[in-house]
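No sequence on hand, only this structure:
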Ligand SMILES: [Zn+2]
């Protein structure tokens, strides 16, 4: 895995949650977890992803639609294939779009 800002290799360190990869450059906030459902991201992107995930989870947890239907709609809005729709892989822009998408649908009566 490569830091998107420094183009250097991320360093892995094992933690009780699995292997966490981080950028060796000073002050770089890019980290990534082992596995394929997240990609290296800086702190802003990670915060945007967390907010997107919370908003998205609220949407289907509200009972307005099923989780899979919510994913299908999100995939359509972002022009992604459903198998590529992992919030943990989104960049900041896509995460913000996800937040807006979920909020809009939640507010809709
Ligand atoms: Zn870096």
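That came through, no problem. No experiment lies behind these values; they were computed from the predicted model shown.

Am I right that residue 58 is in contact with residue 99?
No. In terms of Cβ atoms under 8 Å, residue 58 does not count as a neighbour of residue 99; the distance is 10.4 Å. In short, each C-beta sits where N, CA and C put it, glycine included.

Neighbour count for these two, which is higher?
Set residue 58 next to residue 99 and count neighbours by other Cβ atoms under 10 Å: residue 99 wins out with 18 against 14.

which helices and strands sit right next to the one helix or strand that one maps to?
Per DSSP states H and E: residue 99 is located in helix 92-107. On a contact count with 3 or more Cβ pairs under 8 Å, 6 or more residues apart in numbering; DSSP states H and E, helix 92-107 meets helix 43-61, helix 67-77.

Out of those helices, which gets nearest to the ion?
Smallest distance to the ion across the helices and strands packed on helix 92-107 (Cβ to the ion): 11.2 Å, for helix 43-61.

contacting residues around that closest one?
Contacts with helix 43-61, where a contact means Cβ atoms under 8 Å, 6 or more residues apart in numbering, come from 29, 31, 41, 65-67, 69-70, 74, 87-88, 90-92, 94-96, 98-99, 101-103, 105-106.

Now residue 91. Nearest residue, chain neighbours left out?
Of all residues not flanking residue 91 in the chain, residue 45 sits nearest, at 6.3 Å (Cβ to Cβ, 6 or more residues apart in numbering).

burial count for that neighbour?
Residue 45: 20 neighbours (other Cβ under 10 Å).

How much space separates it from residue 74?
17 Å (Cβ to Cβ, to the nearest Å).

Same check on residue 11?
Residue 11 sits 33 Å away from residue 74 when distances are taken as Cβ to Cβ.

More neighbours: the two, which one.
Remark: of residue 11 and residue 74, residue 74 carries more neighbours, 22 against 12, as counted by other Cβ under 10 Å.

Could you double-check that that one sits in contact with residue 101?
Yes. Here residue 74 reaches residue 101: they are 5.9 Å apart, a contact under Cβ under 8 Å.

so what's the spatially closest residue to residue 89 that is not a sequence neighbour up against?
Counting by Cβ to Cβ, 6+ apart, residue 89 lies nearest to residue 39, which is 4.8 Å off, once chain neighbours are set aside. By Cβ under 8 Å, 6+ apart, the contact list for residue 39 reads 1, 32, 88-89.
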